[in-house]
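*Asks:* Can you look at this prediction? I've put the sequence above it.
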Amino acid sequence: MNVEIDQEGCVAAGQCVLAAPDVFDQRDEDGVAVLLREPLADEYDATREAALLCPARAIALSE
Ligand code: SF4
């Protein structure tokens, strides 16, 4: 699974970090999401949930 974050579109809501804390983090200075690493196979569901929950639709997944 490949994960891309649209950092221009991210509104720093943090839903992605709550859903998949080992995959997403937020920058200290502005809360914009960053990718910690590509998800492991057992994190795919949580990563999909993060993309669904993102209010800005700023997470794009390709599998
Ligand atoms: S859920 Fe979306 S808007 Fe919120 S921090 Fe994550 S990428 Fe940004």
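*Replies:* Right, received. Where do you want to start?

*Asks:* Can you give me the buried ones in the longest helix along the chain?
*Replies:* Longest helix in the chain by number of residues (criterion: DSSP state H): helix 44-53. Judged by neighbour count (16 or more other C-beta atoms under 10 Å), helix 44-53 contains these buried residues: Ala46, Thr47, Arg48, Ala50, Ala51. To be clear about C-beta, it is placed using only N, CA and C from the backbone, and glycine gets the same treatment.

*Asks:* Just name the closest of those to the ligand, please.
*Replies:* When the buried residues of helix 44-53 are compared for distance to the ligand (C-beta to the nearest ligand atom), Ala50 wins out at 6.5 Å.

*Asks:* show me what contacts that closest one?
*Replies:* Shown in contact with Ala50 (C-beta atoms under 8 Å, 6 or more residues apart in numbering): Gln15, Cys16, Ala19, Ala20, Val23, Phe24, Ile59.

*Asks:* mind putting those residues in a markdown table, pLDDT included?
*Replies:* As requested, the contacts of Ala50 are arranged in a markdown table below (pLDDT from 0 to 100):
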| residue | pLDDT |
| --- | --- |
| Gln15 | 98 |
| Cys16 | 98 |
| Ala19 | 98 |
| Ala20 | 98 |
| Val23 | 98 |
| Phe24 | 98 |
| Ile59 | 98 |
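
*Asks:* if we can go back for a sec, is the helix or strand following the longest helix of the chain anywhere near the ligand?
*Replies:* Read in the C-terminal direction, the helix or strand following helix 44-53 is strand 59-62, with elements assigned using DSSP states H and E. Yes. Strand 59-62 comes into contact with the ligand when judged by C-beta under 6 Å from any ligand atom, the residues involved being Ile59.

*Asks:* Can you tell me which helices and strands strand 59-62 packs against?
*Replies:* Contact here means 3 or more C-beta pairs under 8 Å, 6 or more residues apart in numbering; DSSP states H and E; on that basis strand 59-62 packs against strand 2-5, helix 44-53.

*Asks:* so which of those gets nearest Ala33?
*Replies:* Nearest to Ala33 among the helices and strands packed on strand 59-62 is strand 2-5 (5.1 Å), distances taken as C-beta to C-beta.

*Asks:* wait, does that closest one contact the ligand?
*Replies:* Yes. Using C-beta under 6 Å from any ligand atom, strand 2-5 reaches the ligand at Ile5.
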